[in-house]
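Engineer: Sequence first, predicted coordinates after that:
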Amino acid sequence: MNSDLDLRWCAGRRNLITDVPGLMVGNAADHQVKSGVTIVRADKPFIASVDVMGGAPGTRDTDCLAADKLVEQVDALVLSGGSAFGLEAASGVVAALREQEQGFAIGPVRVPIVPAAIIFDLLNGGDSGWQQNPYPQLGQAAFDSASEDFSLGSCGAGTGATTAVLKGGLGSASIVMPDGMVVGALVVVNPHGSVVVPGSCSFWAAPFEMNGEFGDAGMASAPDPFALPRNEKLRAYEALTGQPGMHRPVPPGMNTTIAIVATNAVMSKAQLYRMAVAAQDGLARAIVPSHTPFDGDLVFTLSTGEAPMRAPVEDSMRLGHAAAVCLSRAIARGVYHAEAAPGDTLPTWQDSFAQADG
C-alpha cells in the first residue's frame with residue numbers, strides 16, 4: 001500500500017457519510033420516547049453487505065445481503081432505536097418506497113428491499129408506555145426528511161443512545177482519497193463499553209481524529225488497557241427497574257452499536273463483506289470493551305458503484321483500512337455531539353468535559 005497516498009487522505013467537505021456522492025440520510029425522533037430512526041437511501045439502488053460480531057443482534061432482511069443470495073441491490077438501510085419494536089421502522093420506509101414505485105421488480109410488482117438493525121434504548125429515561133408502535137411512522141418521516149446534510153448527536157436513531165458512562169448518539173465521518181474514492185461512516189453509538197478512557201475525557205479513538213472533529217482532547221496519558229469503566233448504564237438500569245443490574249449479568253440486548261460504511265468504489269457483495277469485517281476493527285478501537293455478548297454490534301457496507309478500482313486487491317485493503325479509521329472517528333463524533341435532555345439517565349461528554357475543565 002502506498003504510504004504517500006495515505007498521508008493525503010482528508011475528511012470530505014461535510015465530514016459525513018453523504019460525502020459519498022448520491023447518498024442521503026434522514027432522521028426522525030420522538031423526544032418523549034427518547035428514541036428515533038435513521039435511514040440511508042440513494043438516488044438509485046445500491047449493493048450492500050453486512051457483518052455481525054455482537055452476541056445479541058436485532059435485524060431484518062440481512063440474509064439477502066449474503067454473497068450467494070439472489071438479491072443484488074437494496075433500496076435503503078435502516079438504523080433504529082426501540083429494540084424489536086424498532087424493526088417496524090423498515091415497514092414505514094418500505095411503504096414510502098412503494099409510493100414512489102421503487103423496489104425489486106418481479107413482473108409488474110415492485111418489492112422494496114430494506115434491511116434494518118436496531119439498538120436497545122427502552123430504559124434511557126424516555127416514555128416507553130406507548131400503546132401504538134411509533135416506529136413505522138418514524139421510519140416514513142426519516143425517509144421523507146432524507147438529504148445530504150443532517151445533524152449528529154442526539155438525533156435520529158441516536159436520540160436515546162447511551163454508553164457505559166455517557167450519553168451516546170448518532171455519528172458520521174468521511175475520508176476522501178486522492179484517486180477519487182470516498183469512504184463514509186454512519187453509526188448509532190449505544191455500547192455496553194465506553195468510548196472514553198476510564199478516568200479521563202479522552203476518546204479511545206483520539207489517534208484517528210482529524211481537524212479537531214471531536215474536541216481535540218488528545219490522548220490520555222498512560223491509559224490502562226485492562227481497566228474497565230464503571231458501568232453507569234447498569235446503575236441507571238437498576239434505578240429504573242429496581243432490579244440489581246450491578247450485581248448480576250446485564251440483561252442481553254441492552255446495548256449495541258450499529259453502523260453503515262459506504263463507498264463510491266465499485267465493489268461486489270463479497271468485497272463489501274470483507275470491508276465490513278475490516279470496519280469492525282474501527283469499532284473495537286473506539287469502544288472498550290466491544291463485541292460483548294450483550295451487544296449486537298453490526299456493520300452494514302454499501303457501494304454506489306461509481307469509482308472503478310484500478311488495483312482491486314490493494315484498493316480493497318486501502319478501503320478496509322479507511323473504513324476502520326472512518327468508523328472510529330464517527331463513533332467519537334456521535335458521543336461528542338450528544339446533547340442533554342430532560343429525564344436523561346447519563347451525562348453528555350460536553351457536560352463531563354466542562355466539569356473536568358473547571
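Structural biologist: Right, received. Where do you want to start?
Engineer: strand partners of whichever strand or helix holds Arg110, parallel vs antiparallel please.
Structural biologist: Here Arg110, judged by DSSP states H and E, is contained in strand 109-111. Note on strand 109-111: by DSSP bridges, its sheet partners are strand 104-106 (antiparallel).
Engineer: List the residues that contact the nearest residue to Met210 once chain neighbours are set aside.
Structural biologist: Counting by C-beta to C-beta, 6 or more residues apart in numbering, Met210 lies nearest to Ala11, which is 4.9 Å off, once chain neighbours are set aside. (C-beta placed from N, C-alpha, C; glycine too.) Neighbouring residues of Ala11 by C-beta atoms under 8 Å, 6 or more residues apart in numbering: Asp19, Ala173, Ser174, Ile175, Val176, Met210, Asn211, Glu213.
Engineer: what does Asn133 give?
Structural biologist: Phe85, Glu88.
Engineer: Could you check how far it is from Ser35?
Structural biologist: The gap separating Asn133 from Ser35 is 11 Å, by C-beta to C-beta, to the nearest Å.
Engineer: ok, back up a step: next secondary structure element downstream of the strand holding Arg110?
Structural biologist: Assigned by DSSP H and E, the successor of strand 109-111 is strand 116-118.
Engineer: for the record, mean pLDDT for that following strand?
Structural biologist: Per-residue pLDDT over strand 116-118 has a mean of 97.
Engineer: helices and strands around the helix or strand following that strand, which ones?
Structural biologist: As assigned by DSSP H and E, the chain's next helix or strand after strand 116-118 is helix 135-144. Contact partners of helix 135-144 among helices and strands, from 3 or more C-beta pairs under 8 Å, 6 or more residues apart in numbering; DSSP states H and E: strand 23-30, strand 35-52, strand 74-80, helix 89-99.
Engineer: Tell me how far the residue nearest the centre of the chain lies from Ala76.
Structural biologist: Residue closest to the average C-alpha location in the chain (C-alpha atoms, centre = their mean): Val187, at 1.6 Å. Here Val187 is placed at a distance of 17 Å from Ala76 (C-beta to C-beta).
Engineer: that older thread, from the contacts of Ala11, list just the buried residues.
Structural biologist: Asp19, Ala173, Ser174, Ile175, Val176, Met210, Glu213 (16 or more other C-beta atoms under 10 Å).
Engineer: Name the nearest of these relative to Thr59.
Structural biologist: Ranked by distance to Thr59 (C-beta to C-beta), these are led by Ala173 at 23.6 Å.
Engineer: Would you confirm that Gly139 contacts Leu97?
Structural biologist: No - contact status for Gly139 versus Leu97: not in contact, 10.5 Å apart, counting by C-beta atoms under 8 Å.
Engineer: Neighbour count: those two, which is higher?
Structural biologist: Using other C-beta atoms under 10 Å as the criterion, Gly139 and Leu97 rank with Gly139 on top: 32 against 21.
Engineer: quick one: the more buried one from Val94, how far?
Structural biologist: Separation of Gly139 from Val94 (C-beta to C-beta): 8 Å.
Engineer: now Ala116
Structural biologist: Taken as C-beta to C-beta, the span from Ala116 to Val94 is 10 Å.
Engineer: ok, the two, which is more surrounded?
Structural biologist: It is Ala116, of Ala116 and Val94, that has more neighbours when counted by other C-beta under 10 Å, with 28 against 25.
Engineer: Could you give the bridge partners of the more buried one?
Structural biologist: Beta-bridge partners recorded for Ala116 (DSSP bridges): Arg60, Val78.
Engineer: and it, what does it touch?
Structural biologist: Thr59, Arg60, Asp61, Leu77, Val78, Leu79, Ser80, Gly86, Leu87, Ala89, Ala90.
Engineer: what do you get if the cut-off is 6 Å, keeping everything else the same?
Structural biologist: Applying C-beta atoms under 6 Å, 6 or more residues apart in numbering, we find Ala116 in contact with Arg60, Val78, Leu87, Ala90.
Engineer: So which of the residues you listed wins on neighbours?
Structural biologist: Val78 (35 neighbours).
Engineer: What separation do you get for that residue and Cys10?
Structural biologist: 30 Å.
Engineer: thinking again about what came up before, in JSON lines: the contacts of Ala116, plus distance to Lys269.
Structural biologist: Shown next, in JSON lines, are the contacts of Ala116 (distance: C-beta to C-beta, whole Å):
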{"residue": "Arg60", "distance to Lys269": "18"}
{"residue": "Val78", "distance to Lys269": "19"}
{"residue": "Leu87", "distance to Lys269": "22"}
{"residue": "Ala90", "distance to Lys269": "20"}
